[in-house]
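Novice: any chance you could fold what I've pasted below:
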Amino acid sequence: MVRGKFVVTQISIYKGSKKEGDTWVGCEGRTIYLSPVMEGSKENEIFGNASPCGKIEISILNPDAFNQFEWNKEYYVDFTKAE
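Specialist: Residues are numbered from 1 along each chain as shown. The predicted model follows:
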(Lines give C-alpha, C1' and ligand atoms only; values in the text may rest on other atoms or scores of the structure.)
Protein backbone atom coordinates (compact mmCIF):
# COMPACT_ATOMS: atom_id res chain seq x y z
CA MET A 1 0.00 0.00 0.00
CA VAL A 2 1.08 3.56 -0.73
CA ARG A 3 -0.42 6.42 1.28
CA GLY A 4 -0.55 10.01 0.14
CA LYS A 5 -2.02 13.14 1.65
CA PHE A 6 -3.97 15.48 -0.63
CA VAL A 7 -5.81 18.76 -0.23
CA VAL A 8 -9.00 19.76 -2.06
CA THR A 9 -8.08 22.70 -4.29
CA GLN A 10 -11.32 23.06 -6.26
CA ILE A 11 -14.89 21.77 -6.34
CA SER A 12 -16.91 22.24 -9.54
CA ILE A 13 -20.64 21.63 -9.96
CA TYR A 14 -21.89 20.05 -13.18
CA LYS A 15 -25.13 18.74 -14.65
CA GLY A 16 -25.13 15.01 -15.28
CA SER A 17 -27.53 12.14 -15.74
CA LYS A 18 -28.02 8.80 -14.08
CA LYS A 19 -30.15 5.78 -14.78
CA GLU A 20 -33.12 5.11 -12.52
CA GLY A 21 -34.77 1.90 -13.60
CA ASP A 22 -35.16 2.11 -17.38
CA THR A 23 -35.05 5.92 -17.46
CA TRP A 24 -32.22 8.44 -17.53
CA VAL A 25 -32.81 11.42 -15.23
CA GLY A 26 -30.95 14.67 -14.81
CA CYS A 27 -28.89 15.21 -11.70
CA GLU A 28 -26.19 17.43 -10.28
CA GLY A 29 -22.67 16.21 -9.65
CA ARG A 30 -19.37 17.51 -8.38
CA THR A 31 -15.84 17.25 -9.71
CA ILE A 32 -13.32 17.24 -6.87
CA TYR A 33 -9.74 18.33 -7.59
CA LEU A 34 -6.99 17.37 -5.15
CA SER A 35 -3.27 18.14 -5.03
CA PRO A 36 -0.55 16.67 -2.80
CA VAL A 37 0.08 18.58 0.43
CA MET A 38 3.45 20.26 0.67
CA GLU A 39 3.61 22.21 3.93
CA GLY A 40 1.71 23.33 7.01
CA SER A 41 2.85 20.61 9.40
CA LYS A 42 5.72 18.19 9.94
CA GLU A 43 3.58 15.36 8.52
CA ASN A 44 2.71 17.44 5.44
CA GLU A 45 6.39 18.14 4.81
CA ILE A 46 7.10 14.39 4.91
CA PHE A 47 4.34 13.73 2.36
CA GLY A 48 5.41 16.74 0.30
CA ASN A 49 9.02 15.56 0.10
CA ALA A 50 7.89 12.12 -1.08
CA SER A 51 5.29 13.31 -3.62
CA PRO A 52 6.15 16.83 -4.75
CA CYS A 53 3.69 17.04 -7.64
CA GLY A 54 0.56 15.41 -9.02
CA LYS A 55 -3.21 15.69 -8.98
CA ILE A 56 -6.37 13.67 -8.51
CA GLU A 57 -9.62 14.57 -10.27
CA ILE A 58 -12.82 12.65 -9.52
CA SER A 59 -16.38 13.26 -10.70
CA ILE A 60 -19.13 12.12 -8.34
CA LEU A 61 -22.92 11.99 -8.81
CA ASN A 62 -23.79 10.63 -5.35
CA PRO A 63 -24.47 13.53 -2.92
CA ASP A 64 -23.63 11.30 0.08
CA ALA A 65 -20.16 10.86 -1.44
CA PHE A 66 -19.41 14.34 -2.80
CA ASN A 67 -20.59 16.01 0.40
CA GLN A 68 -17.70 14.26 2.20
CA PHE A 69 -15.24 16.63 0.50
CA GLU A 70 -14.61 20.19 1.68
CA TRP A 71 -12.55 22.86 -0.04
CA ASN A 72 -9.06 23.33 1.43
CA LYS A 73 -9.36 20.26 3.69
CA GLU A 74 -6.78 17.46 3.65
CA TYR A 75 -7.47 13.78 3.00
CA TYR A 76 -5.40 10.62 3.10
CA VAL A 77 -5.45 8.60 -0.11
CA ASP A 78 -4.48 4.93 0.04
CA PHE A 79 -3.47 2.98 -3.05
CA THR A 80 -3.74 -0.77 -2.68
CA LYS A 81 -3.14 -3.15 -5.55
CA ALA A 82 -6.36 -4.83 -6.71
CA GLU A 83 -5.89 -8.53 -7.24
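Novice: Gly16 and Gly40, how far apart?
Specialist: Separation of Gly16 from Gly40 (CB to CB, to the nearest Å): 33 Å. Backbone N, C-alpha and C define where each C-beta goes, glycine included.
Novice: ok, these two, which is more surrounded?
Specialist: A count of neighbours by other CB atoms under 10 Å puts Gly16 above the other of Gly16 and Gly40, at 14 against 11.
Novice: Thr31 is in contact with the more buried one, correct?
Specialist: No - under the criterion of CB atoms under 8 Å, Gly16 is not in contact with Thr31, lying 10.0 Å apart.
Novice: give me the common contacts of those two.
Specialist: Ser59 (CB atoms under 8 Å, 6 or more residues apart in numbering).
Novice: give the contact list for Ser12.
Specialist: Contacts for Ser12 were tallied using CB under 8 Å, 6+ apart; they are Arg30, Thr31, Tyr33.
Novice: give me the beta-bridge partners of Arg3?
Specialist: Under the criterion DSSP bridges, Arg3 forms beta bridges with Asp78.
Novice: that'll do, ta.
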